[in-house]
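Engineer: need coordinates for the following:
(chains A and B)
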Amino acid sequence: MQVIRDLADFPFLTNAVVTSGTFDGVHRGHQRILARLRQVADAVGGPAVVITYWPHPRLVLGPPPTHPELLELQLLNTLDERIVRLAEFGVDYLLVMPFTREFAQWTSEQYIQEILLKAVGAKHLVIGYDHRFGKNREGGFEYLSQHAGRYGFSVEEIPRQDVDAVGVSSTRIRQALRTGDVSTATRYLGYEYPLTGTVVHGQKLGRTIGYPTANLQPTEALKLVPAQGIYAVWATTAAGTRHQAMLSIGVRPTIGADLAQTIEVNLLDFSGDLYDQLLTLEFVAWLRGEEKYTGLDALTAQLALDAQATRAALAQ
Amino acid sequence: MSKKALADFDFEAGEVLLLDKPLTWTSFDVVRKVKNTLRPRKIGHAGTLDPLATGLLILCTGKKTKEIDQIQAQEKEYEGTFRLGQTTPSFDLETPVDAEQPYEHLTEADIQAAVATFLGKIEQIPPVFSAVKVEGKRAYELARKGEQAEIKAKTVEIKVFELTHIALPDIDFRVVCSKGTYIRSLARDLGVALGCGAHLTRLVRTRIGEYRLADAWTVAEVQALRPPRPEAADGAAPPRQRRERLKPARVGLDFYATQQADRAPAAGPDLPLHPEEATPSA
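Structural biologist: Below you'll find the model as predicted:
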């Protein structure tokens, strides 16, 4: 899949089959739409093109999001994760349009001319009933269908139920991750939820009880961090090695009161310096909620059990 | 594919016989019926269907029994119906409903989103009520004894999963899948994904690889091939004593039969509900 981040660099394609969307998560609902895109592309013998935007339009436009809106804006994928996932579903070209204030001012006519006709060379659009583009979201599916003849492209509608299913899947995944329901999230995503961060310096207490942890600072501020608790995860280092690991997201009540939330992971069977490197986690299973133990000895004993549970969960 | 006349088949040498399995018959009932009718030296089936499923069942005779493994490995296509809001232990109608949960709150988008999670390669645990072996014993033997069998999950591929009609609590579907896929397990798993439970109420196998149900023969058509019995004449041998045959164990079908007792027979016009109820054969 070719990724283009500047409209000027997009190779003009004849006979392109195009869809557009946020595709945050590239989950099962999205995958169904991408499969239809692929079907149409194969039928007409043209490349499959996805147009997506970064950053999220809602952050660039209008007043600051309210709290509920912010919760909805928490991303299931970073841009890199989105790109990696889209590549797996038969997309030939991905246009990542930088969503600037200036771009937000384009009329729908400008959008159609500059992007679809002049840059991409779209001949077939695969569009959902809720697709919106151009200033004030004035352009949509009806407009494109009515004027398709004038523009010289065909417009195919994504079935309404497939479009609605996308929203349902996104909501389900967010709800699941916010309650630690890893298995539902995995099922609706179609893969294990990833979280990438830089390893930063923590309090360095873990090593004193035999369980050193890497403290993660997520690379993307808007990335949705799952509910507090202990999880079994895969951890992949910058060097590319993959390790079984147990993860704690929480405020560490055994250590102290009113501590800030940390995301810290202990890699089983690993020793080495990971500071300032990227580490990627994949959530496999929820083990338990966070608890306050009577002392470090009790905590250490529990961590041994967690390590066993982690191995068991990852063996499947 | 133009249908060769059944009478032109050379079952002794070897044929691939496409059959439409009647409702409530086990696949082995069908094999036995065809064997007794045609008396080939060698006959086998290329993939069973549950008694409550109908549709394409492929038998191979003579030299063509060599093709059985290859046919069984092909992808399968099914049509059927799931009922939401109720679960049964066998995931189909062979056992009574054991739990009910609300489903009315589900929108079509909810259902489509859940259906989408089953596309591609998935892990599936076969039903306990099945022929899968656990530690040498058939899972259904353990199930009949009430033992919980720990069956390992298998990776299968769902290539197509479409809903053709939704009229809650029933949803009609079309599935194309790899060999080893249990549509009953798909019913159970979809019910879990939706949170309301589900079971399979209708299943028709419409295709195995390139073989289609439209080209299949009914059991009655095969039965019609039997040479007529010579009339018993004076001096002919006296009629044989009919051996008292033990009815084969039919897991759960007794329950199904009682459910159907008030209704008209579900089988075709010229076929009985149970293969043994046919006119006595030799």
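
Engineer: can you show me the helices along the chain?
Structural biologist: Picking chain A for this. A:28-44, A:57-60, A:67-73, A:79-87, A:101-104, A:108-110, A:141-146, A:148-151, A:160-178, A:182-189, A:296-315 (DSSP state H).

Engineer: not quite, go with chain B.
Structural biologist: Going by DSSP H, chain B shows helices at B:27-38, B:68-72, B:108-116, B:139-144, B:183-194, B:219-223, B:253-260.

Engineer: what distance do you get for whatever residue of the stretch 201-316 of chain A ends up closest to chain B to A:V284?
Structural biologist: At 8.6 Å from chain B, A:Q316 is the closest residue in the stretch 201-316 of chain A, using Cβ to the nearest Cβ. Where C-beta positions appear, they are placed from N, C-alpha and C, glycine not excepted. From A:Q316 across to A:V284, the span is 8 Å (Cβ to Cβ, to the nearest Å).

Engineer: show me which of these two is the more surrounded one.
Structural biologist: A:V284 (22 against 9; other Cβ atoms under 10 Å in any protein chain shown).

Engineer: that one against A:R311, yeah?
Structural biologist: No - look at A:V284 against A:R311 with Cβ atoms under 8 Å: they stay out of range, at 11.2 Å.

Engineer: report the closest residue of chain B relative to chain A.
Structural biologist: B:A109 (3.4 Å).

Engineer: what's the pLDDT at the closest residue to that residue other than its chain neighbours?
Structural biologist: Spatial nearest neighbour of B:A109, excluding adjacent residues (Cβ to Cβ, 6 or more residues apart in numbering or on different chains): A:D164 at 3.4 Å. Listed pLDDT for A:D164 reads 92.

Engineer: would you give the sheet partners of the longest strand seen in chain B, along with the direction of each?
Structural biologist: Scanning chain B for the strand with the most residues, using DSSP state E, yields strand B:154-167. The strands beside strand B:154-167 in its sheet (DSSP bridges) come out as strand B:120-124 (antiparallel), strand B:170-177 (antiparallel).

Engineer: follow-up on the earlier one: and the residue of chain B closest to chain A, how many residues sit next to it?
Structural biologist: 20.

Engineer: OK, contacts around it?
Structural biologist: A:Q161, A:D164, A:A165, A:G167, A:V168 (Cβ atoms under 8 Å, 6 or more residues apart in numbering or on different chains).

Engineer: count the residues that sit near the fourth one.
Structural biologist: Counted with other Cβ under 10 Å, the burial measure for A:G167 works out to 13 neighbours.

Engineer: got the confidence number for the nearest residue to it once chain neighbours are set aside?
Structural biologist: Leaving aside its sequence neighbours, A:G167 sits nearest to B:A109 (Cβ to Cβ, 6+ apart; 6.8 Å). At B:A109, the model reports a pLDDT of 93.

Engineer: B:A109 and A:A104, how far apart?
Structural biologist: From B:A109 to A:A104 the distance is 29 Å (Cβ to Cβ).

Engineer: got it, and A:R137?
Structural biologist: 10 Å.

Engineer: how about the contacts made by the residue nearest to A:Q228 when sequence neighbours are not counted?
Structural biologist: In space, A:Q228 comes closest to A:G250 once its chain neighbours are excluded; the distance is 4.0 Å by Cβ to Cβ, 6+ apart. Neighbouring residues of A:G250 by Cβ under 8 Å, 6+ apart: A:Q228, A:G229, A:Q261, A:T262, A:E290.

Engineer: let's go with 7 Å and repeat that
Structural biologist: Residues near A:G250 by Cβ atoms under 7 Å, 6 or more residues apart in numbering or on different chains: A:Q228, A:G229, A:Q261, A:E290.

Engineer: check contacts around A:K292.
Structural biologist: So A:K292 contacts A:P253, A:T254 (Cβ under 7 Å, 6+ apart).

Engineer: can you give me the neighbour number for the residue in the stretch 101-250 of chain A that chain B sits nearest to?
Structural biologist: Residue of the stretch 101-250 of chain A nearest chain B, by Cβ to the nearest Cβ: A:D164 (3.4 Å). If you count neighbours by other Cβ under 10 Å, A:D164 ends up with 20.

Engineer: residues from chain B in reach of chain A?
Structural biologist: B:E108, B:A109, B:D110, B:Q112, B:A113, B:A116, B:T117, B:L119, B:A193 (Cβ under 7 Å from any Cβ of the partner chain).

Engineer: quick check: the gap between the residue nearest to B:A109 and A:L279.
Structural biologist: 37 Å.
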